[in-house]
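Asker: Predicted model and sequence follow; I will ask about them next.
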Amino acid sequence: MKQTPYDAPDFNLKDAREVAHQLTDYAGKWVVVYFYPKDDTPGCTTQACSLRDARDDIALLGAEIIGISRDDASSHDKFKEKYTLNFTLLSDPDMAAISAYGAWGKKMFGKEGILRKTFIVNPDGQVVKEYGRVTPIGHGQQIIDELKRLQGAK
């Protein structure tokens, strides 16, 4: 992990509707960027649902949530619909953002893959908090608590 704060790598990725998103589109806002291995798998579903359930509180703190994996638009669309996910999912088939954020590496049993990592980006486009090896259960509340701490809110 890098020493925070540092400039968040920009990305240009498409959502389930083939609309391109760049980090710079969110300039002036807090952004929670999280990387996850695969749509509709147990850990990824638990994490996504935790963020879904916390989304309104996260939005009240002025932050957007963006999930990124290698899955295609069709997979993201089904995942969002099945679990009523209320935030943006982006496809990174070429692993440009995954690599730029250091979210690829050795996993259990020596296999390589997408690492479950989350980054909080401040309104100036800097990563101010990085979570490596995220525990999916309760991650939404963890983000709320950290945003409040970073913003000096009570």
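Answerer: Received, thanks. Being a predicted model, the structure only gives us computed values, none of them experimental.

Asker: Would you tell me which helix is longest in this structure?
Answerer: Ordering each helix of the chain by length in residues (DSSP state H) puts helix 42-60 first.

Asker: what's in contact with it?
Answerer: Applying Cβ atoms under 8 Å, 6 or more residues apart in numbering, the contact partners of helix 42-60 are 32, 34, 36-38, 65, 67, 69, 79, 83-87, 116, 134, 136-141, 143-144, 147. Every residue, glycine included, has its C-beta placed from N, CA and C.

Asker: The same query, at a cut-off of 7 Å, please.
Answerer: The contact list for helix 42-60 (Cβ atoms under 7 Å, 6 or more residues apart in numbering) reads 32, 36-38, 65, 67, 83-87, 116, 134, 136-141, 143-144, 147.

Asker: Ok, stretch 125-144 next?
Answerer: 1, 4-8, 23, 27, 32, 43, 46-47, 50-51, 53-54, 57-58, 61, 115-122, 146, 150.

Asker: so how far does it reach from one end to the other?
Answerer: Using Cα to Cα, to the nearest Å, the end-to-end distance of stretch 125-144 comes to 19 Å.
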